[in-house]
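> Kindly return the folded structure for what I paste below:
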Amino acid sequence: MLDDFLVRALLAGIGVALAAAPLGCFVVWRRMAYFGDATAHAAILGVALSLAFGTSVFVGALAVALVMALTVSTLSGRGYAMDTLLGVLAHSALAFGLVAVSFLQGVRLDLMSYLFGDILAVGKGDLAVIWSGVALVIGLMAWRWQGLLTATLNPDLAYASGIDPKREQMVLTLGLALVVAVAIKVVGALLIVALLIIPAASARALARSPESMAFGAAGIGAASAMGGLWASYHYDTPAGPSIVCVAAIIFAFSNLWARIGLTR
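Numbers count the residues shown, from 1 in each chain. You can find the predicted model right below:
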């Protein structure tokens, strides 16, 4: 079954959607979209470093994405405006990554596949890495769900309950770095944040509880992956952007449906 490239692509897309869904809910609740963008852009530098040193792209992207996320978390609240800090780090990391790629000698690199994804080229080894990362992210979110939720809704209540909001922020940072590392092959560094935010924002319009929003986001993300791959196969469009386009269409319809329901 895994010999069919479309089956591998479908499994990869669904896997990334399932990992991004619960994390995307916290990104939306905490208004961390630009934070995710900076982490995703840093992954290009990780790709360049991993190719230069002959290591796994997953390991390189994960390491640099984690360093970026930790740097932002450390510097925030120390006299730096968050939007300015994220803008500087995000675009600097992307620029350094693109420059570093230009210095690689004897390495054949399809840069577009890392910027916009190449889900149709996912191999069996890639699939194993993706689903291992997915399992880690889902396990991490399930383990820390209540603590993350309490710290997100009310940090003071979290402290009173014996929960350290800073520790939960680090858990979220680790999960975000993992999602970036597993998703870069599927949708690319420039579209990872879209897959995090759009399904969660779509589910938010219809959900009645945090848990229902997370499950709804997972379903919408999986549907977007399947719909995007179907469109890519039938209309010969790029797979990664097609997945995001389908997610955006679902977002528009879900919000329209919610508004119609409110007016009744």
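> Could you identify the helix or strand that succeeds whichever strand or helix holds Ala69?
Ala69 belongs to helix 57-75 when assigned by DSSP states H and E. Next along the chain after helix 57-75, taking DSSP H and E as the criterion, comes helix 82-102.
> Enumerate the positions of that next one that are buried.
Leu85, Leu86, Leu89, Ala90, Ala93, Leu94, Phe96, Gly97, Ala100, Val101 (16 or more other Cβ atoms under 10 Å). Backbone N, C-alpha and C define where each C-beta goes, glycine included.
> show me what contacts the closest residue to the last one other than its chain neighbours?
Translated: Val101. Among residues not flanking Val101 along the chain, Ala48 sits closest, at 4.7 Å (Cβ to Cβ, 6 or more residues apart in numbering). Applying Cβ atoms under 8 Å, 6 or more residues apart in numbering to Ala48 gives the contacts Gly60, Gly97, Ala100, Val101, Leu104.
> Out of those, which is nearest to Ala218?
Checking those against Ala218 with Cβ to Cβ, the nearest one is Gly60 at 27.7 Å.
> Neighbours of the residue nearest to the closest one when sequence neighbours are not counted, how many?
Once flanking residues are discounted, Gly60 sits nearest to Ser50: 2.6 Å by Cβ to Cβ, 6+ apart. When neighbours are defined as other Cβ atoms under 10 Å, Ser50 has 19 of them.
> And Ser50, how far from Leu85?
26 Å (Cβ to Cβ, to the nearest Å).
> where does the stretch 1-150 of the chain have low pLDDT?
1-3, 76-82, 106-109 (pLDDT under 70).
> need the longest helix for this protein.
Determined from DSSP state H, the single longest helix within the chain is helix 124-153.
> need the contact list for Leu190.
Ala40, His41, Leu115, Phe116.
> In contact with the last one, which residues?
With Cβ under 8 Å, 6+ apart as the criterion, the residues that contact Phe116 are Val187, Gly188, Leu190, Leu191, Pro238, Gly240, Pro241.
> What pLDDT is listed against the fourth one?
According to the per-residue confidence, Leu191 scores 86 in pLDDT.
> how close does it get to Ala19?
Taking Cβ to Cβ, one finds Leu191 at 15 Å from Ala19.
> Among the two, which residue is more densely surrounded?
Ala19 (29 against 23).
> any idea how far Phe5 is from that one?
21 Å.
> Would you mind measuring from the residue nearest to Gly60 to Val59?
Ser50 is 6 Å from Val59, by Cβ to Cβ.
> Next: Arg259.
Arg259 is 45 Å from Val59, where distance means Cβ to Cβ.
> who has more neighbours, the two?
Val59 (15 against 10).
> okay, the angle between the helix holding Ala69 and helix 82-102?
150 degrees (axes from the mean of the first three to the mean of the last three Cα atoms, to 10 degrees).
> Could you check how far helix 57-75 is from the centre of its chain?
Distance, stretch centre to chain centre, for helix 57-75: 13 Å (Cα atoms, centre = their mean, to the nearest Å).
> got it, and stretch 152-163?
26 Å.
> residues in contact with Thr150?
Leu157, Ala158, Ser161, Ile163.
> Of those, grab the buried ones for PyMOL.
A single PyMOL command selects the buried members of those (16+ other Cβ under 10 Å):
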select buried, resi 158+163
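> quick one: which of the contacts of Thr150 is nearest Cys25?
Of all these, Ala158 has the smallest distance to Cys25: 17.0 Å, by Cβ to Cβ.
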